[in-house]
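K.L.:
Just a sequence and a predicted model for now, questions to come.
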Amino acid sequence: MRDSYWRGRTFTSVEGMQADAVRWCTEVAGARACRPLNGAAPAAVFAAVEAPALTPLPRTPFVLATWSTGKVGPDIHLKVGPVLYSVPWRLIGQQVHARSTANMVQVIAEGKVVATHVRRQRGRSTTVAHYPPERIAFHMRTPTWCRQVAEQVGPSCGEVIATLLEVNALFRLRAAQGVLGLRDKHSPARLEAACVKAITVGDPSYRTIKGILIAGTETADESGQPVGRVAQVPAFLHGPHALFEPSDAPPHGSRAVTHSGR
């Protein structure tokens, strides 16, 4: 059929060739009696049988995609090429499929798309919602959240957090989150007391506040001794009894030197 159209024909342009081919297929080839169709014309069979079964063409052109398979790591990321893409945490340890196009990467598990990322050339792409609930809560602890919680702990804690977040809030956000996390490990009351002391000594940092709580000196008095604790007795090389001897008495265990008067 192609030879019957092309043979003996010349064309001066691609557009003219295409228009003439459509006309020829409709008026000539489509109207011929076709033996495989029991003498029916191809155009008539198409209109009666095939045309009603056709669906509309896709609105977007066909996209070439590359498929790969990988295992979701314990850090909830799947490696696709040189890049790591996050996957919902429930799929940790499972084999999943990745569909990569020029602009997008989709992760498929059990026939469903579970993650979609913009394709990257290097590094990693992470969606916070893919983390477990407790990790999501950590990532959602914004500077505003930190200030609100700090005020609930106490004014001194609020002052510490406000100082930390005063400059470069995002850079120092982790330190502020760390300070507030101490209220769960110890208690809000102890944290507030530790903040008071850290401000007093002029170092309201996470490291200092944590050290105060570990040492248990957040309620120490002016002398430096923790309130409610027994003061440690300093060690003496000659024993504690020497502490109560007169200053002019000879050391314990030594003999007094006497003079004969000669």
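P.N.:
Sure, I can see it.

K.L.:
Check which residues of stretch 193-209 are buried.
P.N.:
By neighbour count with 16 or more other C-beta atoms under 10 Å, stretch 193-209 contains the buried residues Ala193, Ala194, Cys195, Val196, Lys197, Ala198, Ile199, Pro204, Tyr206, Thr208, Ile209. Glycine gets a C-beta too; all of them are placed from N, C-alpha and C.

K.L.:
Then stretch 166-180?
P.N.:
Using 16+ other C-beta under 10 Å as the test for burial, stretch 166-180 gives Arg172, Leu173, Ala175, Ala176, Gln177, Val179, Leu180.

K.L.:
and the closest residue to the third one other than its chain neighbours, how far is that from Gly181?
P.N.:
With sequence-adjacent residues excluded and distances taken as C-beta to C-beta, 6 or more residues apart in numbering, Ala175 is closest to Tyr206, at 4.6 Å. Applying C-beta to C-beta, to the nearest Å, the value for Tyr206 to Gly181 is 9 Å.

K.L.:
joint contacts of those two?
P.N.:
With C-beta atoms under 8 Å, 6 or more residues apart in numbering applied, the contact sets of Tyr206 and Gly181 do not overlap.

K.L.:
Next one, pLDDT for the residue nearest the centre of the chain please.
P.N.:
In the chain, the residue lying closest to the centroid (C-alpha atoms, centre = their mean) is Val128, at 4.9 Å. On the pLDDT scale, Val128 is placed at 87.

K.L.:
Tell me if I'm right that it and Trp89 touch.
P.N.:
No. Using C-beta atoms under 8 Å, Val128 makes no contact with Trp89, being 11.2 Å away.
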